[in-house]
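Colleague: Pasting a predicted model and its sequence here:
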Amino acid sequence: QVQLVESGGGLVQAGGSLRLSCAASGRTFSMNPMGWFRQAPGKEREFVAAVNWYWGSTSYADSVKGRFTISRDNAKNTVYLQMNALKPEDTAVYYCAASTGTVVTIAPSGYYYWGQGTQVTVSS
């Protein structure tokens, strides 16, 4: 059974930093894209960042470029999201996702496995 378990969310002041982790179990995703999405109350789930380390490709939403960095440790089957210079508009539930394909995509439909989500709240 494949599981993605996120951790690292919490409450932080604007300008602060958080590091999210997503540990995968049940199969490896070393050749597949893994990504982060977020969903704020009343809004649709939106793409944040994705990485396919094997192919050397990453993608970021414009709203987080220069502030967030996605990385992965294939040996640990874990993907990370380092979030710096956080803003109140970054407040959302952050979801980890893993694809069974090979191409990084920003569409939620491109990801088959999802974590349960971790809350990130940025206070002004």
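Modeller: Here it is on my side, so go on.

Colleague: ranges for the strands of the protein?
Modeller: 3-7, 10-13, 18-25, 34-39, 46-52, 57-60, 68-73, 78-83, 92-98, 113-114, 118-123 (DSSP state E).

Colleague: how about the ones you listed, which one is nearest I106?
Modeller: Of all these, strand 46-52 sits nearest to I106, with 4.0 Å by Cβ to Cβ. For glycine as for every other residue, the C-beta is placed from the backbone atoms N, C-alpha and C.

Colleague: Would you mind pulling up the elements that the closest one packs against?
Modeller: Judged by 3 or more Cβ pairs under 8 Å, 6 or more residues apart in numbering; DSSP states H and E, the packing partners of strand 46-52 are strand 34-39, strand 57-60, strand 68-73, strand 78-83.

Colleague: Pull the distance from it to the chain's centre.
Modeller: 6 Å (Cα atoms, centre = their mean, to the nearest Å).

Colleague: In this structure, which residue is most central in space?
Modeller: W36 (2.1 Å; Cα atoms, centre = their mean).

Colleague: Now do the contacts for that one.
Modeller: 20, 22, 48-50, 70, 79, 81, 94-97 (Cβ atoms under 8 Å, 6 or more residues apart in numbering).
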